[in-house]
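Participant: using only what follows, build the 3D model:
(one chain, ligands or ions: 3)
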Amino acid sequence: MDLHKEGDRGSAKQKKVKIVFVIGGPGSGKGTQCKRIAQQFGYTHLSVGEILRQEISSGSETGAMIQKIMKEGKLVPSDVTVRLLQQAMQGINSGKFLIDGFPRNEENVKAFEDLTKMEPEFVLYLDCPQDEMEKRLLSRNEGREDDNIETIRKRFKVFMESTLPTIEYYESKGKIRKVDAGKSIDEVFESIKVIFSQGKDNKVPPISRHKCKCLIL
Ligand SMILES: Nc1ncnc2c1ncn2[C@@H]1O[C@H](COP(=O)(O)OP(=O)(O)O)[C@@H](O)[C@H]1O
Ligand SMILES: Nc1ccn([C@@H]2O[C@H](COP(=O)(O)OP(=O)(O)O)[C@@H](O)[C@H]2O)c(=O)n1
Ligand SMILES: [Mg+2]
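Facilitator: Ligands and ions are numbered 1, 2, ... in the order given. Next up, the predicted model:
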């Protein structure tokens, strides 16, 4: 599959790939909602966290490096993350990708743009109060090494310091679609359905980081 924009190499035959990024704090419900979106709207769901965990399971040296970083709640270097993400995308013949947990910082954005020459159609932002996210993560029960209170707090800090600026970046491009993710799974999905049913010209009102529920601690 060619991951470049239609026309980039002058061929009218190249398939236009549509990408939606899904971001939000740890425990905001990205994975849960992505499964539903993929099923209802025909997207291929790629969880970047899962891709990184698969690399850990492979037993590679890169995997060992990723494991150490994840345990500390930090972010994996973008060249590694984007290379693994691009490999995963190239193995799938899909026109529509839902990329969960990406981008998480400005370096992620730049590495993705540089390597793939693509931009997301829009960015779905699941905005959830931190105390709710903490509660969800502590009862997630997936055996993850990073779902302990110490690492969870570090991940929240990384989200505030590194991911919120990327939300502002996409907001300035009119690409953020924000939903209140503090509600029930069904209620959140109802709001998401409205967004995925709209044409790309229907923009939601702009947001500012001061209005994010995740900052109401
Ligand atoms: N809206 C919600 N209300 C209550 N629990 C939720 C909601 N969305 C997800 N969960 C639960 O919270 C945990 C974290 O959800 P998950 O989808 O893994 O979040 P993320 O991928 O953003 O970390 C899971 O155990 C999930 O079942
Ligand atoms: N773009 C990304 C995504 C995940 N990660 C790493 O993977 C971890 C788990 O990501 P995840 O998306 O599975 O976590 P949740 O937000 O779903 O809980 C993060 O805390 C980072 O250490 C990363 O470094 N860069
Ligand atoms: Mg997840």
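Participant: not counting sequence-adjacent ones, nearest residue to whichever residue of the chain sits closest to ligand 2?
Facilitator: Proximity of the chain to ligand 2 (C-beta to the nearest ligand atom) peaks at residue 49, 1.8 Å away. Any C-beta I mention is one placed from the backbone N, CA and C, and that applies to glycine too. Residue nearest to residue 49 in three dimensions, not counting chain neighbours: residue 101, with 4.8 Å by C-beta to C-beta, 6 or more residues apart in numbering.
Participant: anything in the helix or strand where residue 79 lies near ligand 2?
Facilitator: Residue 79 is part of helix 78-90 when elements are defined by DSSP states H and E. Yes: for helix 78-90 and ligand 2, the contact criterion (C-beta under 6 Å from any ligand atom) is met by residue 81.
Participant: secondary structure class for residue 178?
Facilitator: strand (DSSP: H, G, I helix; E, B strand; the rest coil).
Participant: quick one, phi/psi of residue 182?
Facilitator: The phi and psi values for residue 182, taken as degrees, to the nearest 10, are phi -80, psi 0.
Participant: so what's it up against?
Facilitator: 127, 128, 129, 132, 213 (C-beta atoms under 8 Å, 6 or more residues apart in numbering).
Participant: how about residue 175?
Facilitator: 120, 121, 122, 123.
Participant: try 7 Å
Facilitator: 120, 122, 123 (C-beta atoms under 7 Å, 6 or more residues apart in numbering).
Participant: on that earlier part again, am I right that the residue nearest to residue 49 is in contact with residue 47?
Facilitator: Yes: assessed by C-beta atoms under 7 Å, residue 101 is found in contact with residue 47 at 5.9 Å.
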